[in-house]
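Q: Based on what follows, work out the 3D shape:
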Amino acid sequence: MSNLKQLQQDYNHSTPIVVKWGEMDAYQHVNNVAYIRYLEDARLALSAELGMLSDAKRTGKGPILANISCDYLAPVTYPDTLHIATNIKQTGSRKIALEQLIFSEKLDRPVAQAKSLIVYYDFAKLASCEVTEAVSQALLKLNQRPQ
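A: Predicted structure coming up:
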């Protein structure tokens with residue numbers, strides 16, 4: 001990844017995050033837990049944009065995080081603005097995969113990369129279920145638009 005412009009071309013969605021002083025730890029860099037929160041903020045922003053949250057309210061079926069892994073590439077310090085770039089695609093009738101990259105403006109490079117697995121869940125039945133048709137269509141449309 002050479003720069004922020006290229007990142008925004010290579011990924012479906014980008015969410016800016018301003019680093020807060022209180023996210024740094026005793027070692028004077030952003031604590032690893034904050035990265036997971038940044039990824040969550042971007043995941044929720046994209047979910048809202050795709051209509052997943054409103055669809056979940058209407059159908060009682062929605063996304064839950066089943067797995068997340070994060071590789072830390074460089075330490076982040078305050079002040080900085082990060083860009084969480086996300087690619088998302090349906091990988092099965094019940095699963096959605098995300099690839100995310102955290103890019104630092106200050107360092108002008110990626111500082112972390114993550115992979116997540118979302119499983120669709122029927123909250124009334126307390127069991128996994130198929131991704132709703134509305135969300136499947138939104139994902140298909142997102143992945144077909146030019147980047």
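
Q: What helix or strand is L98 located in?
A: When secondary structure is defined by DSSP states H and E, L98 falls within strand 95-104.

Q: Quick check: phi and psi on Y11?
A: Torsion angles at Y11 (phi, psi; degrees, to the nearest 10) stand at phi -120, psi 150.

Q: who's in contact with it?
A: Going by Cβ atoms under 8 Å, 6 or more residues apart in numbering, Y11 touches 85-87, 101, 147. To be clear about C-beta, it is placed using only N, CA and C from the backbone, and glycine gets the same treatment.

Q: Tell me which residues touch the residue nearest the centre of the chain, please.
A: Closest residue to the average C-alpha location of the chain: R43 at 3.4 Å, with Cα atoms, centre = their mean. Neighbouring residues of R43 by Cβ under 8 Å, 6+ apart: 65, 86, 98, 100, 116.

Q: what bridges to the first one?
A: When you say that, I think you mean L65. Beta bridges link L65 to I118 when assigned by DSSP bridges.

Q: where do the strands sit along the chain?
A: Taking DSSP state E, the strands of the chain run over residues 13-18, 61-72, 81-90, 95-104, 109-122, 127-128.

Q: TSV for those strands, including mean pLDDT?
A: Shown next, in TSV, are these (pLDDT from 0 to 100):
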stretch	mean pLDDT
strand 13-18	96
strand 61-72	97
strand 81-90	96
strand 95-104	97
strand 109-122	98
strand 127-128	98
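
Q: wait, which of the ones you listed is closest to I36?
A: I36 lies closest to strand 61-72 among those, at 6.5 Å (Cβ to Cβ).

Q: Buried residues, the closest one. List them.
A: The neighbour-count criterion (16 or more other Cβ atoms under 10 Å) identifies 61-63, 68, 70 as the buried residues of strand 61-72.

Q: do stretch 45-53 as well
A: Judged by neighbour count (16+ other Cβ under 10 Å), stretch 45-53 contains these buried residues: 45-47, 50, 52.

Q: who's in contact with stretch 132-146?
A: Residues contacting stretch 132-146 (Cβ under 8 Å, 6+ apart): 12-13, 50-52, 55, 59, 61, 88-90, 96, 120, 131.
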